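Peer 1: can't give you the sequence, but here's the structure:
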């Protein structure tokens, strides 16, 4: 991330609009840049001043009357006395019943797997790695170099395999942030195509078969094995990417 990009992203950062990986990268830039820290402090002060001191005005009731008067479609009819109260009571009762049904009916309330990631997250991380000139933190074709590098920086040990004989050259690895947690990104090259393999711990222990998806022109394949989630993504065609995912799945079993 260049200093110019970091300054632009400060506004999104202070509003909580950055994705997790960009937030981590920007925080590192801020820690190492006094100029960014000063600009962030100024933006924070401006934000606090607007939130706490800016004058707020409420529209007068007559304004709503004039707006509705100009539109015959939205003209308000008189409501008989007592009708509003009865409908309000009915709405509250329905809401209470719906909440009770949600919590008491078996099978309706299913806790979300916080280790899951969306295909949109995966595609964004892949594209970001290609656009930001940040494909690898460690460049190496040696499994014995990549695996310990990742294990020393994560709280899990992602499997790393050399698949050059299969036509997939190991390029290196980097750290990423997916599904609300740090993830390993292991990079392979097949001819001129880059393949990102994202790995992080899963709540599943029994494993899941390969599932193929296409999103925004990219092909992805995901599976779970031995307590790990694997996402492979590339601009390879679906058949070739699935073949790679199957080869990787056999290697990690």
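Peer 2: Cool, got the structure. As the structure is a prediction and not an experimental result, all values here were calculated from the model. Numbering: from 1, shown residues only.

Peer 1: Name the SS class of the residue lying closest to residue 153 once chain neighbours are set aside, please.
Peer 2: Nearest residue to residue 153 in three dimensions, chain neighbours excluded: residue 175, at 6.0 Å (CB to CB, 6 or more residues apart in numbering). In short, each C-beta sits where N, CA and C put it, glycine included. Recorded secondary structure, residue 175: strand (DSSP: H, G, I helix; E, B strand; the rest coil).

Peer 1: Now do the helices in the stretch 51-200 of the chain.
Peer 2: Using DSSP state H, counting those that start in this stretch, the helices of the stretch 51-200 of the chain run over 61-69, 83-104, 119-131, 143-151.

Peer 1: ok, of these, where does mean pLDDT dip lowest?
Peer 2: With a mean of 51, helix 83-104 has the lowest mean pLDDT of those.

Peer 1: thinking again about what came up before, how many neighbours does the residue nearest to residue 153 have?
Peer 2: 16 (other CB atoms under 10 Å).

Peer 1: Report how far apart the opening and closing residues of stretch 189-207 are.
Peer 2: 26 Å (CA to CA, to the nearest Å).

Peer 1: what mean pLDDT does it have?
Peer 2: The pLDDT scores in stretch 189-207 average 89.

Peer 1: just stretch 7-23 next, same as before
Peer 2: The average of the pLDDT scores along stretch 7-23 is 77.

Peer 1: chain center to it, what's the gap?
Peer 2: 13 Å (CA atoms, centre = their mean, to the nearest Å).

Peer 1: cool, stretch 176-188 as well?
Peer 2: On the basis of CA atoms, centre = their mean, stretch 176-188 is displaced by 11 Å from the centre of the chain it belongs to.

Peer 1: ok, and what's touching that stretch?
Peer 2: Stretch 176-188 is touched from outside by 20-21, 23-24, 114-117, 121-122, 125, 129, 135-136, 146, 150, 154-155, 158, 160, 163, 168-175, 194-201, 229, 231, 244, with contacts defined as CB atoms under 8 Å, 6 or more residues apart in numbering.

Peer 1: One more: stretch 146-155?
Peer 2: Residues outside stretch 146-155 that contact it (CB under 8 Å, 6+ apart): 138, 140, 157-160, 170, 172-173, 175, 182, 184, 186.

Peer 1: Check these for burial and list the buried ones.
Peer 2: With burial judged by 16 or more other CB atoms under 10 Å, the buried subset of the contacts of stretch 146-155 is 158-160, 170, 172-173, 175, 182, 184, 186.

Peer 1: from those, which two are the most distant?
Peer 2: Farthest-apart pair in the buried ones among the contacts of stretch 146-155 is 170 and 182; separation 20.6 Å (CB to CB).

Peer 1: separation between residue 27 and residue 10?
Peer 2: 11 Å (CB to CB, to the nearest Å).

Peer 1: More neighbours: which of these two?
Peer 2: residue 10 (19 against 12).

Peer 1: from what I can see the more buried one touches residue 40, true?
Peer 2: Yes - counting by CB atoms under 8 Å, residue 40 is a contact partner of residue 10 at 5.8 Å.
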